[in-house]
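**Student:** Here you go, sequence then predicted model.
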Amino acid sequence: MAEATHGIGGLTFDASKRNLPPEAGVAIALVLIVVVFEVLGRILMNDSFLFNTRENIDGIFNVARLQIIILQVSIIGIIALGVTQVILTGGIDLSSGSIVAATAMIAMSFAQVGEINGMENTRAVFGGGWVDLPVILPVVVALACGMAAGLINGLLIAYTGIPPFIATLGMMVSARGVAKWWTAGQPVSFPTESYAAIGSGMMPVFVFVVLAILFHLILRYTVYGKHTYAIGSNEAAARMSGIKVARHKVLVYTIAGLLAGVAALVLSSKNLTAQAGMGMMYELDAIAMAVIGGISLQGGRGSIPGTVLGAMIFGVIISGFTFLRLDAYYQEMVKGAIIVGAVVLDQWRQRRAAAKA
């Protein structure tokens, strides 16, 4: 029998009803996945997944692998920060990957050099008059393009009554079309050094971490965060309490578009090129990261730290499969299974919480 202690006003505290935060469960899952790959590595590869086994390299951990894990999820992780906020309101965003492609193509067009090895860059999109521009211009263009796409999503959802799935699906198709139309399918390359520096080295990780900390604080300690959770928990009650639901939804989708623009900026500068096929399936990976991290698809529950942990799980799985030299299509199979499993777990948690209430 659970022990109960009496509190003020006769209220009781039942220790058996204490629950760990969802992030704790995700963190435990991350540790278990790392342990599984470590054991498999020792058995199948006679090598360590996490630890350094080379005598000519100092350090306990395999720093190179850890860097790769963080790098390969950081750009999609930036998108996932925006997707998390959308899902918290009870919505969904299927357009972020296409927004990345369109934004990257347009922004890179304003970041091209005028000369390549002493010869004129004949592949400059705007010709000789719009090359070697200050890096602030393509940065502003990228952020503006992302915000514009997100604003359109928000306006359609908030003021026309179109379901988020349909509105963002339409933006996904349209933005991909813009990416292909911009240069008739041709890639845009040869950026300036200052633009290329945005995505060089570990800069994508730095951008991801800074944005994750920023939006965690915003969601936890500001009115914006309280309204976001309130709308996702009960939209009708939020409207009755005086929250301008439509206006807030527009803001949330605009921020999600802005973060997709940031991801496009980092991705194109990291790859030194922009192509119309960029960002393919990024939106689904971002949604998966959020769901794995404990974000409820029904809205109102979850956090940015959970999404970050979900991104790390994705990175560990991809790196682990590469470490075990398994083909890439196994990764897709496992991703699908993880997404379904995460949703099933979320439904189970909700039913369990309702039964305890």
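**Tutor:** The structure has been received and is ready for your questions.
**Student:** Tell me where the stretch 151-300 of the chain has helices.
**Tutor:** Here the stretch 151-300 of the chain has its helices, by DSSP state H, counting those that start in this stretch, at 164-182, 193-196, 203-221, 223-233, 235-240, 245-271, 282-292.
**Student:** ok, and what's touching the second one?
**Tutor:** Meaning helix 193-196. Contacting residues not belonging to helix 193-196 are listed as 108, 111, 134-135, 138, 269, 272 [Cβ atoms under 8 Å, 6 or more residues apart in numbering]. The C-beta positions use only the backbone N, C-alpha and C, and glycine is treated the same way.
**Student:** Using CSV, write down the CA coordinates of that helix.
**Tutor:** Output in CSV follows, covering the C-alpha atoms of helix 193-196 (Å, rounded to 0.1, in the frame of the first residue of the first chain):
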residue,chain,number,x,y,z
GLU,A,193,34.1,32.9,-48.1
SER,A,194,32.1,34.7,-45.5
TYR,A,195,29.0,32.8,-46.5
ALA,A,196,30.8,29.5,-46.5
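**Student:** List the ones among the contacts of helix 193-196 that fall in strands.
**Tutor:** In strands, judged by DSSP state E, none of the contacts of helix 193-196 are found.
**Student:** still on that earlier bit, mind checking which of the helices of the stretch 151-300 of the chain is nearest residue 100?
**Tutor:** Smallest distance to residue 100 across these (Cβ to Cβ): 4.4 Å, for helix 245-271.
**Student:** Can you verify my assumption that residue 319 contacts residue 67?
**Tutor:** No - using Cβ atoms under 8 Å, residue 319 makes no contact with residue 67, being 10.3 Å away.
**Student:** re the thing from before, between the helices of the stretch 151-300 of the chain, which one is closest to residue 298.
**Tutor:** Of these, nearest to residue 298 by Cβ to Cβ is helix 223-233, at 7.7 Å.
**Student:** neighbour-wise, which of residue 319 and residue 67 wins?
**Tutor:** Neighbour totals were compared for residue 319 and residue 67, and residue 319 leads with 21 against 13 (other Cβ atoms under 10 Å).
**Student:** Now the residue nearest the centre of the chain: which helix or strand?
**Tutor:** Nearest residue to the geometric centre of the chain (Cα atoms, centre = their mean): residue 80, 1.9 Å. Secondary structure from DSSP states H and E places residue 80 in helix 63-88.
**Student:** what mean pLDDT would you report for that helix?
**Tutor:** Average pLDDT, helix 63-88: 93.
**Student:** between the helices of the stretch 151-300 of the chain, which one is nearest to residue 50?
**Tutor:** Smallest distance to residue 50 across those (Cβ to Cβ): 18.1 Å, for helix 203-221.
**Student:** Not counting its own residues, what contacts that closest one?
**Tutor:** Taking Cβ under 8 Å, 6+ apart as the rule, helix 203-221 contacts 67, 70-71, 74-75, 77-78, 81, 84-85, 88, 197, 224-225, 228-229, 259, 262, 266, 270, 303-305, 307-308.
**Student:** What subset of the residues you listed is buried?
**Tutor:** 70-71, 74-75, 77-78, 81, 84-85, 88, 225, 228-229, 259, 262, 266, 270, 303-305, 307-308 (16 or more other Cβ atoms under 10 Å).
**Student:** Go through the helices of the stretch 151-300 of the chain and find the least confident stretch.
**Tutor:** helix 282-292 (a mean of 91).
**Student:** Name the next helix or strand following it along the chain.
**Tutor:** Later in the chain than helix 282-292, the nearest helix or strand by DSSP H and E is helix 304-323.
**Student:** and the direction of the next helix or strand after that next one versus that of helix 304-323, what angle?
**Tutor:** Next helix or strand after helix 304-323 toward the C-terminus (DSSP H and E): helix 328-356. Helix 328-356 and helix 304-323 are oriented at 150 degrees to each other (axes from the mean of the first three to the mean of the last three Cα atoms, to 10 degrees).
**Student:** circling back: now the helices of the stretch 151-300 of the chain as CSV including distance to residue 324?
**Tutor:** Formatted as CSV, the helices of the stretch 151-300 of the chain follow (distance: least, Cβ to Cβ, whole Å):
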stretch, distance to residue 324
helix 164-182, 33
helix 193-196, 33
helix 203-221, 24
helix 223-233, 38
helix 235-240, 45
helix 245-271, 26
helix 282-292, 20
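**Student:** Next up, the contacts around residue 78.
**Tutor:** Neighbour list for residue 78: 204, 207-208, 211, 259, 262-263, 266 [criterion: Cβ under 8 Å, 6+ apart].
**Student:** again but with residue 128, I slipped
**Tutor:** For residue 128, the contact set (Cβ under 8 Å, 6+ apart) comprises 114, 120.
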